[in-house]
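Q: Provide a 3D model corresponding to the input given below.
(one chain, ligands or ions: 1)
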Amino acid sequence: MKSYDPAHVVTDEDLKRLFEVVIRTPSSFNLQHWRFLAVRDAELKNAIMGAAWGQKHLGEASVDVVVCGKLGAHEDAARIWAEAGEDVAGKMVPMIQGFYGKNAALQRDEAIRSGSLAAMTLMLVAEDMGLSTCPMIGFDPARVSEILGIPSDHVPVMIVTLGKGTSAARPSGRLPVDEVVRLDQFDGPGLA
Ligand SMILES: Cc1cc2nc3c(=O)[nH]c(=O)nc-3n(C[C@H](O)[C@H](O)[C@H](O)COP(=O)(O)O)c2cc1C
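A: As a prediction, the model looks like this:
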């Protein structure tokens, strides 16, 4: 949704209800790379809008949720896996360190992958709560990081506007299933 009622208030209680579900999103090794900044302050929303080529829905929405991804989430493995018991944690934690520890590209991919899945959950749950959203990457991540104090070991994954939509969604077609689904091989047949 690209236009919102700027007077609508999304309360802390609404956000808690929303995020209690969002944090159930799956993530690789359950590392939960996501961190969320729920920006309601009008000045900050306007500053974000300024870092996003003036896209007005960022100023109008009740909340701009900046989804961040933690690059070093693999370092949280011991804490996350502690509840599985020493036997399991003793195997999982070194495996996770080995998988991500020296691979900066994979750390970044995973932070973006987990953050993106969480953003999708957020959008589905928000819709269920009668709210509208728009996922956005049309912003300058360095400027948004500066405005919100996002440290360099976290990557801004996406911003999701959240609020009371005020217009019908724009028509938006999709490529046909025939074109985007193949059986077994990339050059395999489509569905019958
Ligand atoms: C990763 C991603 C980035 C997007 N960035 C923007 C954006 O910066 N501004 C915007 O207005 N919409 C943005 N969109 C929304 C898309 O334009 C929209 O989802 C697409 O056109 C399909 O429309 P629909 O979601 O209404 O069906 C983005 C969507 C995704 C998934």
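Q: distance of the residue most central in space within the chain from the ligand?
A: For the chain, the residue sitting closest to the mean C-alpha position, by C-alpha atoms, centre = their mean, is residue 119 at 3.2 Å. The spacing between residue 119 and the ligand, counted by C-beta to the nearest ligand atom, to the nearest Å, is 8 Å. (Each C-beta comes from the backbone N, C-alpha and C, glycine too.)
Q: wait, that residue sits on residue 67?
A: Yes. Counting by C-beta atoms under 8 Å, residue 67 is a contact partner of residue 119 at 4.9 Å.
Q: what do those two both touch?
A: Listed as contacting both residue 119 and residue 67 by C-beta atoms under 8 Å, 6 or more residues apart in numbering are 157, 158, 160.
Q: tell me which helix or strand residue 15 sits in.
A: Here residue 15 sits within helix 12-22, counting by DSSP states H and E.
Q: how far off helix 12-22 does the top helix by length along the chain point, in degrees?
A: The residue-count maximum for a helix in the chain (DSSP state H) belongs to helix 104-128. Here helix 104-128 runs at an angle of 120 degrees relative to helix 12-22 (axes from the mean of the first three to the mean of the last three C-alpha atoms, to 10 degrees).
Q: and helix 104-128, what does it pack against?
A: Packing partners of helix 104-128 (3 or more C-beta pairs under 8 Å, 6 or more residues apart in numbering; DSSP states H and E): helix 12-22, strand 34-39, strand 63-70, helix 86-100, strand 132-136, strand 154-163.
Q: helices and strands around the second one, which ones?
A: What it means is strand 34-39. helix 12-22, strand 63-70, helix 104-128.
Q: who touches the second one?
A: Which is strand 63-70. Here strand 63-70 has contacts from 10, 15, 33-40, 44-45, 48, 58, 76, 108, 110-112, 114-116, 118-119, 122, 144, 148, 150, 153-163, using C-beta under 8 Å, 6+ apart.
Q: now, which of the shared contacts of residue 119 and residue 67 lie close to the ligand?
A: Restricting those to those near the ligand by C-beta under 6 Å from any ligand atom leaves residue 158.
Q: select from the shared contacts of residue 119 and residue 67 the one having the most neighbours.
A: residue 157 (26 neighbours; other C-beta atoms under 10 Å).
Q: what sits against it?
A: 34, 67, 68, 69, 111, 112, 115, 116, 119 are the contacts of residue 157 under C-beta under 8 Å, 6+ apart.
Q: how many residues are close by the nearest residue to it once chain neighbours are set aside?
A: In space, and not counting its chain neighbours, residue 157 is closest to residue 115: 3.2 Å by C-beta to C-beta, 6 or more residues apart in numbering. Residue 115: 26 surrounding residues under other C-beta under 10 Å.
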